[in-house]
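Peer 1: model this:
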Amino acid sequence: MHSNYEFQPLNPTFYDQPTLQLAESLLGQILVKVTEKGTSSGAIVETEAYLGEEDQAAHSYKKRRTKRTAIMFQAPGHAYIYQMHTHRLVNVVSGEEGNPQAVLIRAVEPLTGIELMKKRRPVDKMTNLTSGPGKLTKALGITMEDYGRKLFEPPLFIAKGKPMEEISRGTRIGIDNSGEARDYPYRFWVKGNPYVSR
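Peer 2: Below you'll find the model as predicted:
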């Protein structure tokens, strides 16, 4: 449906909004990865916000600065990618410089380069292709080499999509041992979209 899609990266100023607002604004925008084998993309349908300093579930809780979290202290709009078990997860750095916050991209709906995505991640059910944070990075070919990239220019960027009609909000998934942070309603998703992780 988007065969001759013209991807317009979002303006860097798009990322200058409060993290919870950004998490919601990212829904419907398009995550694009350009590789030698081709370009693949998906519309963002689920996100999760992490509010840094005061959020026990965030890697940057109490402004913990490690080699892994260094990029979170930079200006918003950079890619924070980390490895969890065998998966890589892609986050959008948010919050002003020095205030380490991020939005995890939890699920996308495939748009272009779908055959390439299926080669990287063969699945029986199409809805299983990108319905989770580790699934979507594998399908799109996002690697640790993308750590720290600016998300407003290729090869890894977020392009202008279209606003989503109905957005739901609830608690984050898989947050254990994080005290009350477990119950923060910091997850946003497109209501009824089959690619949302649960």
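Peer 1: where do the helices sit along the protein?
Peer 2: Along the chain, the segments classed as helices by DSSP state H run 19-25, 114-120, 133-140.
Peer 1: Could you identify which of these is most buried?
Peer 2: helix 133-140 (a mean of 24; mean count of other Cβ atoms under 10 Å). Just so you know, the C-beta spots here come from the backbone N, C-alpha and C atoms, and that holds for glycine as well.
Peer 1: So for that helix, mean pLDDT?
Peer 2: Averaged over helix 133-140, pLDDT sits at 98.
Peer 1: any idea how far that helix is from the chain center?
Peer 2: With Cα atoms, centre = their mean, to the nearest Å as the basis, helix 133-140 stands 10 Å off its chain's centre.
Peer 1: Tell me the helices and strands packed up against that helix.
Peer 2: strand 30-35, strand 38-50, strand 87-94, strand 101-112, helix 114-120 (3 or more Cβ pairs under 8 Å, 6 or more residues apart in numbering; DSSP states H and E).
Peer 1: Over to P155: give its phi and psi.
Peer 2: For P155, the backbone dihedrals (degrees, to the nearest 10) come out as phi -90, psi -10.
Peer 1: gap between it and L136?
Peer 2: 16 Å (Cβ to Cβ, to the nearest Å).
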